[in-house]
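Could you look at this predicted model? Sequence included:
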Number of protein chains: 2
Amino acid sequence: MGRPSTSQDTAGRILDIAGQLLQTRGYNAFSYADIAQSLHVTKASLHYHFPTKAELGKRLIERYKYAFLESLAEIDRSGAGAREKLKHYVGLYVDVLRDDRMCLCGMLAAECATLPKPMKTELKQFFDDNERWLVAVLEQGRSDKTLRFNGAPRDVARLLVGSLEGAMMLARSYDDVTRFQATADHLLTGIGIGN
Amino acid sequence: MGRPSTSQDTAGRILDIAGQLLQTRGYNAFSYADIAQSLHVTKASLHYHFPTKAELGKRLIERYKYAFLESLAEIDRSGAGAREKLKHYVGLYVDVLRDDRMCLCGMLAAECATLPKPMKTELKQFFDDNERWLVAVLEQGRSDKTLRFNGAPRDVARLLVGSLEGAMMLARSYDDVTRFQATADHLLTGIGIGN
DNA sequence: GTCTATAGGTGGATAGAC
DNA sequence: GTCTATCCACCTATAGAC
């Protein structure tokens, strides 16, 4: 989930650079000019591929969500237990952070009041998808007794997503990945994961 | 901690409006023009009180931090137990959220890569102050047995700050304060707070 | 302290040649 | 598909009158 696989076509390269900018600076703090400079093309060329910034933003979320869900599907295919699945889930966040990025959707969540509606819709879908996947893992772990936690899986899933996004944000402010790791470990311990 | 007490002088009114804009839209998504329109003055007048936006931003953090610390001091003066102190602490976040705002420093944490250095320094101080206060409360609760939790108070304090900021961000994306409340309650339960 | 006026730069976006 | 050239709105910031 860190850097996207070096893409082939121009549209893909634009998304790569735009994504890196969005995840480090935020949606309102990067411009077509930034992308153009990085990609050695003109701004006009970018508008051929993505007519508006709102469209570019929407496509960025779609791509990020797709890649994230693909990672989750791969975790499922690994046949790991609930505890290991959660650890892998946290690992996805760590990968992003190690690449000096914030989660694309966590960043947008902060800026949500300034986003065009299509982006807001996609954004919620990302978090809903994460919640859905986590709920399944939590239910699995509860029924096979590998996880123990209080309350509804849905609430715990929301706690996890929110806490991981927040911890990520703070870790970035301090430029200290270990800060995230410590919080994530503590969180998982609370759900009955030792080490 | 929600809306600042209706201020007297112009500088204070500027900070009120700028703060509201910063907490809803983000530092990179509001301008002197926005403040000027809201306050019915010209942009030039604003520059008399705050020469640069970086200076304005720094002063905003300072004021927010001061008010927050004042609220924490008041909680201390109340003589409440550790459990009640934590509940009041969460209450401060709820107040901000009910005012349709993000925590000023949580918002800036997301944008940290684009902030001038003086603002970044102030930002960290805010989180350090919060951590310090929480550590004291956690130690108090652990020693008088009103709280029980695993690990170092420092790590739990960081977990709390990060998780509350993250939950706040997501609650705002969904425009649903109850989402924050549920997560906060769950968090406190994990530290041994029933209801 | 607040105003008008303006500078100098950047934002997203388009027209039209190649 | 990429370019040059350009539009217009907006940005932060300053000079100087009142």
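Yep, that arrived. If you're wondering where the values come from, they're calculated on a predicted model, not measured in any experiment.

can you give me the helices for chain A?
In chain A, the helices defined using DSSP state H lie at A:10-25, A:32-39, A:43-49, A:53-77, A:82-98, A:104-110, A:117-143, A:153-173, A:177-190.

Could you list the low-confidence segments of chain A?
By pLDDT under 70, the weakly predicted segments of chain A are A:1-7, A:194-195.

let's see it at 50
Applying pLDDT under 50 to chain A flags the ranges A:195.

Can you tell me which of the helices of chain A is nearest to B:Asp16?
helix A:104-110 (21.2 Å; Cβ to Cβ). Every residue, glycine included, has its C-beta placed from N, CA and C.

Could you confirm whether the closest one reaches chain B?
Yes. Helix A:104-110 lies within reach of chain B by Cβ under 8 Å from any Cβ of the partner chain, at A:Gly106, A:Met107, A:Ala109, A:Ala110.

Burial check on the last one, number of neighbours?
Residue crowding around A:Ala110 was assessed by other Cβ atoms under 10 Å in any protein chain shown; the count is 26.

Next: the second one.
Taking other Cβ under 10 Å as the criterion, the count of residues near A:Met107 is 25.

Return the member of the residues of helix A:104-110 next to chain B nearest to B:Met169.
A:Ala109 (4.7 Å).

hmm, back to that, between the residues of helix A:104-110 next to chain B, which is closest to chain B?
Each of the residues of helix A:104-110 next to chain B was scored against chain B by Cβ to the nearest Cβ, and A:Ala110 proved nearest at 3.7 Å.

The closest one touches B:Glu111, doesn't it?
Yes. Between A:Ala110 and B:Glu111 there is a contact at 7.4 Å, judged by Cβ atoms under 8 Å.

ok now do A:Thr146, which residues does it touch?
A:Gly81, A:Ala82, A:Arg83, A:Gln140, A:Gly192 (Cβ atoms under 8 Å, 6 or more residues apart in numbering or on different chains).

how close does the nearest residue to A:Cys112 once chain neighbours are set aside sit to DNA strand D?
Leaving aside its sequence neighbours, A:Cys112 sits nearest to B:Ser173 (Cβ to Cβ, 6 or more residues apart in numbering or on different chains; 4.8 Å). Distance check for B:Ser173 against DNA strand D: by Cβ to the nearest atom of the strand, to the nearest Å, it reads 23 Å.

Quick check: the residue of chain A nearest chain B.
Per Cβ to the nearest Cβ, A:Gly166 is where chain A lies closest to chain B, at 2.1 Å.

what's around the closest residue in space to A:Gly19 that isn't next to it in sequence, how many residues?
Spatial nearest neighbour of A:Gly19, chain neighbours left out: A:Leu60 (5.5 Å); criterion: Cβ to Cβ, 6+ apart. Per other Cβ under 10 Å, the neighbour tally for A:Leu60 reads 25.
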